[in-house]
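quick one, fold the following:
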Amino acid sequence: IHTTAQLKMDFAHQLLVHVRDYYVTLPLCYQNHHPPLSRPQLSLQSRPLHLLWRVVSTVHDLCMEPVHLSWVLMIIQDHALTVSLFCFLPFSFFSLSLSRARCRSLMQTPGGPAPASLKVPSHTPYLLIGGGTASFAAARSIRARDPGAKVLIVTDEPDPPYMRPPLSKELWFSNDPSVTETLRFKQWNGKERSIYFQPPSFYINAEELDGAENGGVAVLTGKKVVHMDVRGNKIKLDDDTEISYDKCLIATGGVPRNLQVIERAGEEVMKKTTLFRKIEDFKSLDKVSRNIKSITIIGGGFLGSELACALGRRSTEYDLEVVQMFPEKGNMGKVLPEYLSNWTTEKVKSEGVKVISEALVKSVVCKDDKLEIKLKDGRLVKTDHIVAAVGLEPNVDLAKSAGLEVDSDFGGFRVNAELQARSNIWVAGDAACFYDIRLGRRRVEHHDHAVVSGRLAGENMTGANKPYWHQSMFWSDLGPDVGYEAIGIVDSSLPTVGVFAKATAKDTPKAATEKSGTGIRSESETEDTAISPVASLTPAPNVGQHKDEYGKGVIFYLRDKVVVGIILWNVFNRMPIARKIIKDGEEHADLNEVAKLFNIHDD
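Down below sits the predicted model:
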């Protein structure tokens, strides 16, 4: 039996298992709903195993996939030799018998689920709530400082920690037809890797964590923390299981925002709307985009523009019309100065995307199996599917039960400079509203910040007591040819000074991963570039050049004549220089001279 083999029931019914909830249902037609079958009973050898499977009234086929043997093994672990599912229908019974060695072999498949646990530990020294980048960085940091540490990660996702940026970037440019299953992508430097930080073999089973002589990291997937008792140092899961801890990290990230007009539009509209965030969202959007004629992305920020370019490249192959609409005048209008935002918009259009700017959505209705988006200026857009990319809401669901403060201006859990919210509780990643000693209180929603803040939180959980001082960066790519990196406060409402030069063939995102072992441009995971002034023999050009000359350059963002943010446009591996400029906090009489430090005029 292959790990991707479809298991069949009698009468040629295809057996399907819900990816997250593990119930059984009959085949589903595209965009039709059917109730699941009776709850199955799982038996391990002669011992019944009772799992709290959620009972739902309807399911959608985008949530369903053919059962994979690895998913069955994720339920039974390596303790059982036989697993049987009874659907309580005539002749609808199947069983699998595997050797213990074969079970282990299949569970070690790279890119698959982490080993799941049938028994949850009642106590863990280090509890990390959330299974994203910040939690993984914290776990790695904790283990580096305390090699025998026992770390438990609890996540409501069905997957172990993985990197999110490729979901809207590299995975879309893969030529592998099975990319939605392998979740492997080719980096701009030509090397291939998985989006998972580590293979399943890196993690240990949660029930083995307490007795692990050398400690380890365990991941409890598909479990949501619903209550936090700060005084008692314990949390409660959605199945009422309680886990006590010594030190706890909250890295709950965020949930995608939606437009209120879409939320009020009803179930039919929501069925045809994607809120993009997780692996399952990538898989479903990939499937949808191959089976429809038109798709509309609402949002002109990082995610919306990246997805627009990715889907635009797919448009010719699948005869797909791709529309992007947003309220700003141009793409990235809240971040880039107007002239560069306009240039970016033309770049997105060249990728096969129809861009509608200054678009305010008034209503969305489903009519004749099409979505009709009516704008406030009277324009009407008809589409088969909507992707709402309108921002992220920090997940602060635990604030009430834990008695933690939520910042009223920026959102997120309010923490001190050491990322601590209360005694024995730290917060990192998207959900942390922290105090930046240089730029004031902030909340950042980018991969590199998740790495940096998670790493620092892990260090402080092991007694480091270090303040947050490192300026994290973020980046975005519009395909393989245009990319930018940024640091600090980059707000288009601030005064800016841009210095540009003609780009060369090597000035692309492909060059940015040459020094990165992660496959993505996380500056925090690469070696620092030496910070030394390098004078350019070519005079720096004037600000405000012709749009065709925005090949590469540096944009300085000013507040009270001091540089508080920098964007490096097709200039890579120079972030330490930008970081030092912001850290120094000095006024500069001539930013053209400062731009020479980045050596942008070198060929």
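
surely Arg313 is in a helix?
Yes: per DSSP: H, G, I helix; E, B strand; the rest coil, Arg313 lies within a helix segment.

that one and Val353 touch, don't they?
No: counting by Cβ atoms under 8 Å, Arg313 sits too far from Val353 to count as a contact (9.4 Å). (Each C-beta comes from the backbone N, C-alpha and C, glycine too.)

same drill for the two, tell me which one is more crowded.
Val353 (25 against 17; other Cβ atoms under 10 Å).

state the distance from the more buried one to Leu494.
28 Å (Cβ to Cβ, to the nearest Å).

and Glu587, by the same measure?
15 Å.

tell me which of the two has more neighbours.
The residue with more neighbours, out of Glu587 and Leu494, is Leu494; 14 against 9, by other Cβ under 10 Å.

which residues of the chain score low on pLDDT?
Residues of the chain meeting the criterion pLDDT under 70: 1-118, 188-189, 479-480, 503-549, 602-603.

the helices in the stretch 251-400 of the chain, which residues?
Using DSSP state H, counting those that start in this stretch, the helices of the stretch 251-400 of the chain run over 260-263, 267-271, 279-289, 302-318, 338-350, 399-402.

and Lys583, that one's in a strand?
No: going by three-state DSSP, the assignment for Lys583 is helix, not a strand.

any idea how far the nearest residue to it once chain neighbours are set aside is from Ile489?
Closest residue in space to Lys583, ignoring its immediate chain neighbours: Arg438 at 6.2 Å, by Cβ to Cβ, 6 or more residues apart in numbering. Using Cβ to Cβ, Arg438 is found at 10 Å from Ile489.

settle it for me: which of those two has more neighbours?
When Arg438 and Ile489 are compared for neighbours, Ile489 comes out ahead with 17 against 14, by other Cβ under 10 Å.

looking at it, that one is touching Gly565, isn't it?
Yes: contact criterion Cβ under 8 Å: Ile489 and Gly565 qualify, at 4.3 Å.

shared neighbours, the two?
Tyr557 (Cβ atoms under 8 Å, 6 or more residues apart in numbering).

OK, contacts around Val387?
Contacts of Val387 by Cβ under 8 Å, 6+ apart are 273-274, 276, 285, 295-299, 304, 307.

let's see that with 6 Å instead.
When contacts are counted by Cβ atoms under 6 Å, 6 or more residues apart in numbering, Val387 touches 274, 276, 297.

same thing with Asn465?
Applying Cβ under 6 Å, 6+ apart, no residues contact Asn465.

and for Ile295?
289, 322, 385.

for Asn342, grab the count of nearby residues.
18.

how about it, nearest residue that isn't a chain neighbour?
Gly330 (4.8 Å).

these two touch, right, that neighbour and Lys347?
No: the criterion here is Cβ atoms under 6 Å, and Gly330 misses it with Lys347 at 10.4 Å.

these two: who's more crowded?
Counting neighbours by other Cβ under 10 Å for Gly330 and for Lys347 shows that Gly330 has the greater number, 23 against 19.

over to the more buried one: give its phi and psi.
Per-residue torsions, Gly330: phi -150, psi 170 (degrees, to the nearest 10).

how about it, what does it touch?
Gly330 neighbours (Cβ under 6 Å, 6+ apart): 341-342, 345.

so can I have CSV of those residues showing distance to Asp397?
Output for the contacts of Gly330, formatted as CSV (distance: Cβ to Cβ, whole Å):
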residue, distance to Asp397
Ser341, 35
Asn342, 40
Thr345, 37
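
between those, which sits nearest Ser178?
Nearest to Ser178 among those: Thr345, at 34.1 Å, using Cβ to Cβ.

I figured the closest one hits Asn331, correct?
Yes: under the criterion of Cβ under 6 Å, Thr345 lies in contact with Asn331, with a separation of 4.7 Å.

Pro166 in helix, strand or coil?
Pro166 is classified as helix under three-state DSSP.

pretty sure it contacts Phe185?
Yes: assessed by Cβ under 6 Å, Pro166 is found in contact with Phe185 at 5.3 Å.

Asp240: neighbour count?
By other Cβ under 10 Å, the residues close to Asp240 number 9.

check Leu380 too.
9.

for it, give its distance to Lys271.
On the measure of Cβ to Cβ, Leu380 and Lys271 end up 21 Å apart.

do the same with Gly551
Counting by Cβ to Cβ - Gly551 and Lys271 are separated by 43 Å.

more neighbours, these two?
Per other Cβ under 10 Å, whichever of Gly551 and Lys271 has more neighbours is Gly551, with 16 against 13.

residue contacts, Lys236?
Contacts of Lys236 by Cβ under 6 Å, 6+ apart are 226-227, 242.

great, nothing more from me.
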